[in-house]
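Engineer: have a look at this prediction, sequence included:
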Amino acid sequence: MKLSRKVKPRNVTLGLIAWLIATNILVLVHWRPLIVILFLCISLLPGIALLRVMRIAFSTFSARILYSFCLSILVLMLSGLAANYVLHLFGVARPLELPGVLFTWDLVTGFIILLHAKMNLAHIRVPKWPANNFSKSALWLAGASILLPCGAALGAFRLNNGGDALVAIITLCFASVLIACGFVARQRVPDGLLAWLIFVIGLSVLLMTSLRGWDIVGHDIEREFRVYTLTNMHAYWNIGFDRNPYNACLSITILPEMFTRLLHVSGVFVFKVIMQVIFAACPVVIYILLRRHVSKLGALTGSLLFICYPTFINDSAMLTRQSVAYLFFALALLMMTNKIQIRRYKLLFLFCSSGVILSHYSTAYVFVAVFGLATICNLGISWWRRRHTQEHPLPRTVLSPLFAILLFMMTFLWYTQITATSSGLLVTLRKSMMNIPSIFSGDNRSSDTSAALLFADKKTQTNLYEGYLESAKPAGKALPIDEKFMPQLTNDNLPLRPLGKRAQAVGIDPSFIAAARQSFARLLQVIALAGVGYVTYQLFRRKPHALCADFVCLSLTGVIMLTLLLVLPVLSINYGILRAFHQSMIFLLLPMMLLIVRVGRYVRLWIGTTLTTIGVTLIFLMFTGVIGQILGGVSPQLSLNNSGLYYGLYYSSAADLRTLAWLKQHLPSTADVRAPNFNKAFMHDPDYPFVRPGILPSQIDMNTYVYLDPAQTLRRKLYANYNNSPLIMTFPTDYYEQTKNRIYSTTTTGVYQ
């Protein structure tokens, strides 16, 4: 019985051409029910054709799909960049309109298909669909997993409409059930289905945050959407519009513009949904990477730990430029684990690396630094082997001086010569060097270094509060302020639930969840250090099945980079240590899981499986907020509440946008206008005239106009980020009601003078 059938290369070429024609028809018809199919066409066709050109065939279906997806995203960015410059040279004022982007994308994709017809004359084997090999467990798991993203969307919509978190909590509980089922049934489920399960769990967690609000909601994503708006307004990307590192990231300028034009959707939809789909593929890459070295149990555990990390749950949906870069970064590392690294695989590595560089400046800088240090480390190991052993030197791989120089040159050209946006990096490095004498001071580090093991800062909420008040002291002709109008530290914790009161009665304080987040980060760092030490020992002792030298070098230099980010002042403020560790987890999870698997050999399989299943499920429920929601007494998470720090800082309502628009229309652009967050206006209007923060009575004068949003008018609170650290304070709304004139108001906002 034939398990596969051969397809002639001529028929493959004809199939790709037919696929391209069908994609164009779908773009021109733009029928909404077919948008998912059109998205799949755009995000897979060029990549599949390019892999055929390079004659690269992966052993697993998941790897083929991921690399096809990654290369298709790169084609979208580069074809959009080509349209932007080439068509503009020919006098097209708006080259990123639909005709321009479709023509250029067709031209690039067609050229790739033509190369395929000329260069790849090998038959393709199409495996027979293994329907009979799917167990009932696999079919049930596949069907049930489809409900997760739907539940995530419905839960977010319910909260947006003023409802409770019931649907969101049910969705997360259902996800935890699927996690447990995945662990239990892993031996009866193919790897591809487990990879799919990881994808939908990651996507659901991201959607529960990204879909909050009917507009863009979040910290970095507000600034990201601003540079996208610049590109979208002009249908043309120009770094001169805003010479800012954000505007140099094609992942948030040209890429969303390409999706917007080709799919006929809004930019809000692209950032809230499509960009989350891209990042949800990153944990799948980690699963495949781990699966090459450990069992399904270890691979599932590692990929779910990446999803359960607090940064992924709370912030990743708001860091879309970083999310795209992470996917390229993970796929570049996955390529490095291939035992065969011939020329075409090295070319694939360069493609993925260029995606990192074009997508995000900080990730690119860290990638180049880690890769360069790892190359030096690799050369040192090669020298040691030649001197102390009779073994041949390490095989030539991409971890070499040539590729280190290539990565450095690509980064240098893009950020210094083409976009000229690297000044921020130089300033940061210079400040870090100048402030080395204050290396142990908490003033020069972000608050998330408290999650680190060494040199943790000693910032407390009281220290931050006092520093904030000092910075808000009256200046110039500021009015004298009564003490009763001074803000006071407060919190926004959920009220204790009945179950939380019972837990408190027996000595269990629900606030342990906040401490557990830091403990979890510290524990992962301990395991990472131990894991790196373990794989290094195995390499030098020439143990069987030792991890390849490339990955050992990357792990060692990754720890060095984390230490530098932690120790050097200023660096941790510009690139938080938790975010840096989350990026490093992409390659540190492998030594971590190898160590855990090695230790797990001393435990019976059923005991290890049980403990792992219970532990990962509880961690998921804890950090996604389910346990905190049930107990109360903890800070609310945006994905489950219409309150809390992120809700107060970033949630946008229609009243917000109307009030901000009114300010622009009725006040002179030179007026002193204050608001807690003007990024809400900049998202849709990059030329918005008002920029100044500072709405405390001590920060204004007689001629100042102050906009108060729902956080001040309804909850009478001020949410602030001071030195990249969160603060929640009471707000003296009565001061404005008693001493100022209200010149504009809605049911939730007000403007005072």
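Structural biologist: Arrived safely, thanks for sending. Numbering: from 1, shown residues only.
Engineer: any idea how the protein splits into domains?
Structural biologist: Structurally, the chain divides into domains by automatic domain parsing as follows: 4-127, 136-434+511-631, 652-752.
Engineer: take the ones you listed and write them to TSV, including distance to residue 638 and mean neighbour count.
Structural biologist: Any C-beta I mention is one placed from the backbone N, CA and C, and that applies to glycine too. Written out in TSV, the entries for the domains of the chain read as follows (distance: least, Cβ to Cβ, whole Å; neighbours: other Cβ atoms under 10 Å):
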stretch	distance to residue 638	mean neighbour count
domain 4-127	26	17
domain 136-434+511-631	6	20
domain 652-752	12	18
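Engineer: who's in contact with residue 622?
Structural biologist: Residues in contact with residue 622, defined by Cβ atoms under 8 Å, 6 or more residues apart in numbering, are 513, 516, 628.
Engineer: with residue 194 instead?
Structural biologist: Taking Cβ under 8 Å, 6+ apart, one finds 182, 186, 287, 296, 299, 300 in contact with residue 194.
Engineer: mind picking the lowest-pLDDT entry from those?
Structural biologist: Minimum pLDDT across the contacts of residue 194 is recorded for residue 186, with 87.
Engineer: returning to that earlier point: narrow the contacts of residue 622 to those in helices?
Structural biologist: Within the contacts of residue 622, residues falling in helices by DSSP state H are 513, 516, 628.
Engineer: out of these, which is nearest to residue 731?
Structural biologist: Within the ones in helices among the contacts of residue 622, proximity to residue 731 (Cβ to Cβ) peaks at residue 628, which comes in at 25.0 Å.
Engineer: give me the local confidence score for that closest one.
Structural biologist: With respect to pLDDT, residue 628 scores 88.
Engineer: quick one: it from residue 500, how far?
Structural biologist: Note on residue 628: its distance to residue 500, by Cβ to Cβ, to the nearest Å, is 9 Å.
Engineer: one more: residue 269?
Structural biologist: 38 Å.
Engineer: what does residue 674 give?
Structural biologist: With the distance defined as Cβ to Cβ, residue 674 ends up 38 Å from residue 500.
Engineer: quick one: low-confidence residue ranges for the protein.
Structural biologist: Under the criterion of pLDDT under 70, the regions of the chain flagged as low confidence span 1-4, 123, 125-134, 340, 388-395, 424-459, 473-483, 544, 565-577, 724.
Engineer: and the strands in it?
Structural biologist: Here the chain has its strands, by DSSP state E, at 4-7, 124-127, 673-674, 705-708, 717-722, 725-730, 742-745, 750-752.
Engineer: in a markdown table, list these along with distance to residue 74.
Structural biologist: Conversion of the strands of the chain to a markdown table gives the following (distance: least, Cβ to Cβ, whole Å):
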| stretch | distance to residue 74 |
| --- | --- |
| strand 4-7 | 26 |
| strand 124-127 | 23 |
| strand 673-674 | 42 |
| strand 705-708 | 42 |
| strand 717-722 | 34 |
| strand 725-730 | 36 |
| strand 742-745 | 47 |
| strand 750-752 | 46 |
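Engineer: indicate which one of the ones you listed is closest to residue 220.
Structural biologist: Shortest separation from residue 220 across the strands of the chain is recorded for strand 717-722, at 11.8 Å, computed as Cβ to Cβ.
Engineer: tell me the strands beside that closest one, with direction?
Structural biologist: When pairing is defined by DSSP bridges, strand 717-722 lines up against strand 725-730 (antiparallel).
Engineer: now the residue nearest to residue 16 when sequence neighbours are not counted: how far from residue 23?
Structural biologist: Taking Cβ to Cβ, 6 or more residues apart in numbering as the measure, residue 16 lies nearest to residue 113, with 4.8 Å between them; neighbours along the chain are not counted. As for residue 113, its distance to residue 23 is 12 Å (criterion: Cβ to Cβ).
Engineer: residue 212 too?
Structural biologist: With distances defined as Cβ to Cβ, the gap from residue 212 to residue 23 amounts to 32 Å.
Engineer: now distance to residue 89 too, for the ones in helices among the contacts of residue 622, in CSV please.
Structural biologist: Written out in CSV, the entries for those read as follows (distance: Cβ to Cβ, whole Å):
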residue, distance to residue 89
513, 57
516, 57
628, 56
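Engineer: ok, these vs residue 92, which is closest?
Structural biologist: Sorting the ones in helices among the contacts of residue 622 by how near they are to residue 92, with Cβ to Cβ, puts residue 628 at the top with 53.2 Å.
Engineer: tell me how many other residues crowd the closest residue to that closest one other than its chain neighbours.
Structural biologist: Computed as Cβ to Cβ, 6+ apart, the closest residue to residue 628 that is not its neighbour in sequence is residue 634, at 4.0 Å. The number of residues packed around residue 634, counting by other Cβ atoms under 10 Å, is 22.
Engineer: got the phi/psi numbers for residue 634?
Structural biologist: Listed backbone geometry of residue 634 is phi -130, psi 170, with angles given as degrees, to the nearest 10.
Engineer: residue contacts, it?
Structural biologist: Under the criterion of Cβ under 8 Å, 6+ apart, the neighbours of residue 634 are 493, 494, 510, 511, 513, 514, 628.
Engineer: make CSV from those residues and add distance to residue 239 to it.
Structural biologist: Formatted as CSV, the entries for these read as follows, by distance: Cβ to Cβ, whole Å:
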residue, distance to residue 239
493, 44
494, 45
510, 49
511, 47
513, 44
514, 41
628, 43
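Engineer: one step back: can you tell me which of the ones in helices among the contacts of residue 622 lies closest to residue 225?
Structural biologist: For residue 225, the closest of the ones in helices among the contacts of residue 622 turns out to be residue 628, at 29.3 Å, with distances computed as Cβ to Cβ.
Engineer: wait, what's in contact with the closest one?
Structural biologist: Contacts of residue 628 were listed using Cβ under 8 Å, 6+ apart, and they are 494, 510, 513, 622, 634, 635, 637.
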